[in-house]
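**Student:** Just need the structure, nothing else, for what follows:
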Amino acid sequence: MYGADWCGDCRRSKRVLDALGVDYDYVDTVEIEDAADRARAISGRTNIPVIVFPDGSHLVEPSDPELREKLAA
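**Tutor:** Numbering: from 1, shown residues only. Below is the predicted model of the structure:
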């Protein structure tokens with residue numbers, strides 16, 4: 001998950017992941033020099049969070065229901 005502490009959508013998505021016990025790596029786009037560029041390369045957008053899944057797919061700024069649905073699939 002690419003995100004930033006100041007991002008409300010990132011905090012919300014982290015809460016969903018944490019509540020469901022999902023193991024994930026958090027990549028801070030502010031603290032890590034090229035993280036924002038990597039997130040943009042994946043999604044083609046500047047929006048965060050960018051959540052990348054093991055199957056190579058990703059979601060950008062997902063709603064809680066969208067994120068839960070993807071995780072259940």
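
**Student:** Select the longest helix from the chain.
**Tutor:** Ranked by residue count under DSSP state H, the longest helix found in the chain is helix 8-19.

**Student:** ok, the spatially most central residue of the chain - contacts?
**Tutor:** In the chain, the centroid-proximal residue (Cα atoms, centre = their mean) is Ile51; its distance is 3.0 Å. Residues near Ile51 by Cβ atoms under 8 Å, 6 or more residues apart in numbering: 1-2, 13, 24, 58-60, 62, 67. From N, CA and C alone the C-beta is placed, and that goes for glycine too.

**Student:** That one in helix, strand or coil?
**Tutor:** Applying DSSP: H, G, I helix; E, B strand; the rest coil to Ile51 yields a three-state assignment of strand.

**Student:** Look up the residues forming beta bridges with it.
**Tutor:** Taking DSSP bridges as the rule, Ile51 bridges to Leu59.

**Student:** list the buried ones in stretch 15-31?
**Tutor:** 16-17, 27, 29 (16 or more other Cβ atoms under 10 Å).

**Student:** Stretch 2-18 now?
**Tutor:** 2-4, 7, 9-10, 12-14, 16-17.

**Student:** Pick out the most distant pair among these.
**Tutor:** Largest separation among the buried residues of stretch 2-18 by Cβ to Cβ: Ala4 and Val16, giving 16.8 Å.

**Student:** Give the rounded mean pLDDT of the helix or strand harbouring Ala39.
**Tutor:** Per DSSP states H and E, Ala39 falls inside helix 35-43. The pLDDT scores in helix 35-43 average 97.

**Student:** which residues sit against it?
**Tutor:** So helix 35-43 is contacted by 2, 27-29, 46, 48, 50, 52, 58, 60 (Cβ under 8 Å, 6+ apart).

**Student:** how far is stretch 31-50 from where the chain is centred?
**Tutor:** 10 Å (Cα atoms, centre = their mean, to the nearest Å).
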